[in-house]
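> sequence? don't have it. structure:
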């Protein structure tokens, strides 16, 4: 989806004044403070900043994994696009949303996979949670999605423990996409991988997002990832969003001193 189309659409996700403090934090120290953003259908939004800037905490707040007070996360749910406050939903409905319309790709793939079951079972488990019970369908979809993320479908019965780090990350992506979610949250999906593996994984993510018309929030410390994948980028520092806008504008003409420092640290010889 191009930017003009995005700007004329209704937001799929809207975050309003989200804040979070970790237990035991010093007074006045916030992991996330008064963060607001909008995400549109088919849009990729990158959240960048140094380690400890609050970007992963913001992602987990949005996902409902950690509590936030104050703040709201509104989402257009289902085919009728009912506007709901995610954090106000009953726990059962929030879990259902997380395993159907949303996906979450962990930084460390082992945290997003069940390492004691097969690759095919990892993909099929999410389908089963959505109500699918036919063994043949589970196998067929497992093979289809392994192929879609460029894994050998003949390894359907292999354990994820036998896969490399990049292969595990691809399997985790397949596990998330099998239910055709509308929104995927990704926390440093290429961190810790070899450069060549990162490049292939980023190309795969870009293709899948485009082909499936996914909306995505991607946390990354790598400005190159933001430039490659995201239409818009927001910059976090000490729990606050200090700058946001079109990715090329933010990275080529940064306005906030912190963003200027981030960009100059990448281009400096």
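Now that the structure is in, tell me what you want to look at. Note that the coordinates shown come from a computational prediction; the quantities given were computed from them, not determined experimentally.

> now for the top helix by length along the chain, which elements pack on it?
Counting by DSSP state H, the longest helix found in the chain is helix 195-212. Helices and strands touching helix 195-212, by 3 or more Cβ pairs under 8 Å, 6 or more residues apart in numbering; DSSP states H and E, are helix 165-177, helix 223-229. Yep, even glycine has a C-beta here, placed from its N, CA and C like the rest.

> Now the longest one: average pLDDT?
Think helix 165-177. Confidence over helix 165-177 (mean pLDDT, whole number) is 96.

> quick check: angle from that helix to helix 195-212?
20 degrees (axes from the mean of the first three to the mean of the last three Cα atoms, to 10 degrees).

> All further residue positions should be reported with the first residue as 18.
Okay, residue one is now 18; in that scheme the one you just asked about reads as helix 182-194.

> Between helix 212-229 and the helix or strand following helix 182-194, find me the angle.
The C-terminal neighbour of helix 182-194 among helices and strands, as given by DSSP states H and E, is strand 200-204. Interaxial angle of strand 200-204 relative to helix 212-229 (the same axes, to 10 degrees): 170 degrees.

> Would you map the strands across the stretch 18-167 of the chain?
All strands of the stretch 18-167 of the chain, identified by DSSP state E, counting those that start in this stretch, fall at 30-37, 49-56, 61-65, 89-94, 99-102, 119-122.

> Pick the most deeply packed of those.
Stretch with highest mean neighbour count among the strands of the stretch 18-167 of the chain: strand 61-65 (a mean of 26; mean count of other Cβ atoms under 10 Å).

> Tell me how many other residues crowd residue 265.
13 (other Cβ atoms under 10 Å).

> Looks like it contacts residue 244 (just checking).
Yes: Residue 265 sits in contact with residue 244 when judged by Cβ atoms under 8 Å, with a separation of 7.5 Å.

> what's the overlap in contacts for the two?
Common neighbours of residue 265 and residue 244, counting by Cβ atoms under 8 Å, 6 or more residues apart in numbering, are absent.

> Quick one: closest of the helices and strands packed on helix 212-229 to residue 37.
helix 240-246 (22.8 Å; Cβ to Cβ).

> re the thing from before, would a markdown table of the strands of the stretch 18-167 of the chain with mean pLDDT and distance to residue 172 be doable?
Shown next, in a markdown table, are the strands of the stretch 18-167 of the chain (pLDDT from 0 to 100; distance: least, Cβ to Cβ, whole Å):
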| stretch | mean pLDDT | distance to residue 172 |
| --- | --- | --- |
| strand 30-37 | 95 | 35 |
| strand 49-56 | 96 | 34 |
| strand 61-65 | 98 | 29 |
| strand 89-94 | 95 | 35 |
| strand 99-102 | 93 | 39 |
| strand 119-122 | 96 | 20 |
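
> need these in JSON lines with distance to residue 227, can you?
JSON lines is the format used below for the strands of the stretch 18-167 of the chain (distance: least, Cβ to Cβ, whole Å):
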{"stretch": "strand 30-37", "distance to residue 227": "19"}
{"stretch": "strand 49-56", "distance to residue 227": "16"}
{"stretch": "strand 61-65", "distance to residue 227": "9"}
{"stretch": "strand 89-94", "distance to residue 227": "21"}
{"stretch": "strand 99-102", "distance to residue 227": "26"}
{"stretch": "strand 119-122", "distance to residue 227": "16"}
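
> and residue 71, which of these is closest to it?
Checked against Cβ to Cβ, the stretch from these lying closest is strand 49-56, at 5.0 Å.

> helices and strands around the closest one, which ones?
Strand 49-56 sits against strand 30-37, helix 72-80, strand 257-263, with contacts defined as 3+ Cβ pairs under 8 Å, 6+ apart.

> Great, nothing more from me.
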